[in-house]
Structure formats: C-alpha cells, structure tokens
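# Sequence and predicted structure below; questions after.
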Amino acid sequence: MTKLKFQRPTGMPDILPADQIYFEKVLRLAENIGDFYGFRKIDTPLLEETALYEKGTGLTTDIVQKQMFSLRTRGGDNLTLRPEFTPGIIRAYLEHGLNAWPQPVKLYAWGPVFRYEHPQAGRYRQFHQFNAEVIGTSNSVTDVQIIQLFFNILNDLKLKKLVIEVNSIGDSACRPYYKKLLISYLKSRALGLCVDCRRRLRENPLRVLDCKEAKCQEIVSGAPQIIDHLCDGCRRHFKEVLEILDELELPYRLSPYLVRGLDYYTKTVFEIKSEEEAENKRTDALAAGGRYDGLVKLLGGPDTGAVGGALGVERVIALLKAKKRKEFQPTYPPIFLVQLGFLARKRALKLLEEFRKNKIPVSECLEKDSLKAQLKLADKQGVRYTLILGQKEVLDKTIIIRDMKAGSQETVKLDKIIKEMQKRLKKL
C-alpha cells in the first residue's frame, strides 16, 4: 500500500461515520443524566495559559512534566492544549463570577483533551472526556452524587461488573504526617523503585502510590495506608461517604493506595472499573475523580469546597464495540425514494423537501440511475417502503409504493403521498 502524503498525527484518531453513533449515544446519555441531577453545560477553550495547569494540576504531576502540548504564540503568550477540564472550569467559575451564584454550582463539559504519551490500546494523544464538577460545597453527599452520576452513565450503557474503588487521601491537616511515614518507608527501598518513582520520592511521594510498574506496586503493597492516619475531620467525612454508598447499594471496595495522579485532590478519590475487563487483564479506569477543596483558593478565589470527575469516552466505547450490541449499529429511515431519469430526479428533490417539512425520514441515492442498484441499496438498509418515481409517474403525477416486507405494491397520487406514508408509518 502506497503511503499517503498526509496522514493524521500520531495518537490522534479520526472519528469516522461508523464510530459517530457511539460518541453520540454516550454523550446523549451522559447529558441526560447530568441534566437530571441539575448540572448545566459549560464549554471552555481548548487553549489555556500554561501557568493555569502548572499551578492547578501541579508541577510534579506527569501531566505537567511529560504530557502537555504547549506553545508560544507570536504575541509571546504561553498556552497549552487542554490536558484536563477541571482547572479551566475553575478559571471560568472565577472569571465570570459564578461564585456569586447560589451555591453549589453544578457544571458539566464534554470535548477533546490532549496528552503526549505513547499511543496504545485505549490511550491516545487526543481523546474525549465527559466531565462533571460541583463547586461550592464540602458536604460528603456531593462526593457520592458525583460517583453515582458516573456509575449510572456506565450502568445505563449496560457495562457489566462495575466496581467503584474508593479511598481518602486526607487534607493539609493529616497528609503531611502520612507523607513522613511514607517517605521513611520508601527511602529504605528506593533502589527497587523505577527511575520515575525515585524522582517522585523527592518531589511528591504520594505519586509513587500511583505508579503502574510491577516492581513499584510490589513495594507499595507493604507501605503504610493513609486511611489509618486520617485526622478526625477526614475520617468522619470518609465514613459518611461509605455510609451513603452503602445506602445506595453501589458496589465499592476500599483501595488504600489509590491517590489519583493530580496534586489538587483532597479527601475522597475514586475510580470506576469493569471487573469484566480485569478478567481480560485490562484495569484502566472508565471514570475517575475526587474532591479538591483547595483548588479554587489556589487559583485566586475564596476558600471553596469542590468535587468532580471525568469519564474516558474512548475507553467506554472500546467496551461497547466489543459487545457488538444492536443499538449501536447504523439505523436507516423506513422509507427509500427511488428515482429513474432526470425528470424524476428533479421531482424527487422537491418531494424530499416535502418529507423533511413533515418530519418524515427518507433515504435516497439520487446519484444512481439503475433501478436494480437502488432497490438493492434499499433492501440492504432494511427499509419497509420503497417509493418509485419514474418519468411516467412524474407525467401522471403518481408514485409507486412498494411494501418490501409484504412484496406488494400500489400506485397512489403524488399529492397524497405524504398523508399516505404518515398513515402507514403509524401502523409500524
């Protein structure tokens, strides 16, 4: 195969028509659930100031150190393609005075994010997320509502064996003491850690707990657990979260070394995975998030509680594709319009407009002249009725209705076809 002159950038896939149905169904379901829980849509720019992510996401995170697509404009501005939604949404919350709205403010967003990493199954350099944030509350019930929102999206998509992994990573009152314990434990085992984790041990030891390297996970498995060293406030908050999860009968398990890879998280962190995927040796989170009570203040606002999460759309779609479910197969209108000859083609365009105005879906292939080719396409699409318009029919002001299921056909007046098809479609 000859290599094309231009190809898509590495790790940035095209979304072809056959895939659009998956994106549309996931988005529609996510938005419907978000709307039910009182979330309102927000769109933020693809480009933000680089400093926003350095300060908000954290200088020691892999996202900032390794994965950002950054550029310098002709005017000298340092900008970065959005690697995640939360800092941009908090920036918009403060810039537009949403902190003056009745609190909490519930927002959701949808769109592409960009991270430079090695492309592999389920991981891309341009991918899509559905994001939800609740800003302006520290109540534990909000943590669970965010978890419930993402769980319900995945559950309503009929993904199997979902489980919520949950942990508390404390706050500024109890985390410093835990960090000392963790550093003390890891220092004596530093030679066994990967190169990245040796750096993380110096810069941000909690990131070591998030490493996916087998040798690091083995060391981490014996590390002190932060849940044993929470302050009274964080312990009470986490206890409430677990009690509400129990009340909702949501399937969860404690994951004592779950920290997530972002610096702004406090208290509750969570990931939702499919046990079915774990059986296939794939354990990527389908949705994840947590509480971030210090981020609004860090970005220049008042001290404000907040919690949020994101769903990885491509990862979810990969599971849906593997199931080959009927509702994700292409669907076609129940009517196909066949035309024969130039005179009929002209009349067909006008007739299609009449169907559109009456909200009757019709497919066609005006480019084909052959009756056989058009009927073959209609049969392939599984339509119920084929309308045949030839030169004779145009002159007689009639049209043929062929019932593809019954194998029968009849001729009706062209000016009666809209009402006739409306009547027939009601019976389907």
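Great, that's in hand. Predicted, not measured: the structure shown is a model, and the values here were computed from it.

# Which segments of the chain make up each domain?
According to automatic domain parsing, the chain comprises the domains 17-174+230-326, 335-426.

# Quick check: which of the ones you listed is buried the most?
Mean neighbour count (mean count of other C-beta atoms under 10 Å) peaks for domain 17-174+230-326 among the domains of the chain, with a mean of 18. (Glycine included, C-beta is placed from N, CA and C.)

# Okay, now the unreliable bits of the stretch 201-350 of the chain?
Counting by pLDDT under 70, the stretch 201-350 of the chain shows low-confidence ranges at 277-283.

# after the longest helix seen in the chain, next one along is what?
Longest helix of the chain, by residue count under DSSP state H: helix 17-36. Remark: after helix 17-36, the chain's next helix or strand is strand 40-41, criterion DSSP states H and E.

# hey, where'd the strands end up in the stretch 301-428 of the chain?
All strands of the stretch 301-428 of the chain, identified by DSSP state E, counting those that start in this stretch, fall at 306-312, 335-339, 363-364, 385-389, 398-403, 408-413.

# sorry, back to before: distance to Ser184 for the domains of the chain - can I get that in JSON lines?
Formatted as JSON lines, the domains of the chain follow (distance: least, C-beta to C-beta, whole Å):
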{"stretch": "domain 17-174+230-326", "distance to Ser184": "16"}
{"stretch": "domain 335-426", "distance to Ser184": "67"}
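
# in the stretch 151-300 of the chain, which spans are strands?
Under DSSP E, counting those that start in this stretch, the stretch 151-300 of the chain gives strands at 162-168, 252-254, 266-274, 287-291.

# got it, and the stretch 1-150 of the chain?
40-41, 47-49, 70-72, 78-81, 105-114, 126-135.

# I'd like the mean pLDDT over the fifth one, please.
Spelled out, it's strand 105-114. The average pLDDT within strand 105-114 is 98.

# Now Gly97. Its backbone dihedrals?
Backbone torsions for Gly97, taken as degrees, to the nearest 10, come to phi 70, psi 30.

# give the contact list for Ile147.
Neighbouring residues of Ile147 by C-beta atoms under 8 Å, 6 or more residues apart in numbering: Ile164, Val166, Leu245, Leu250, Phe270, Ile272, Gly309.

# residue contacts, Leu298?
Lys55, Gly56, Tyr264.

# Distance to Asp143 added to those, as TSV?
Formatted as TSV, these follow (distance: C-beta to C-beta, whole Å):
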residue	distance to Asp143
Lys55	24
Gly56	20
Tyr264	15
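
# Filter those residues down to the ones in helices?
Lys55, Gly56.

# ok, of the contacts of Leu298, which one's closest to Gly390?
Lowest distance from Gly390 to the contacts of Leu298 (C-beta to C-beta) belongs to Gly56, with 65.4 Å.

# No further queries at this time; thank you.
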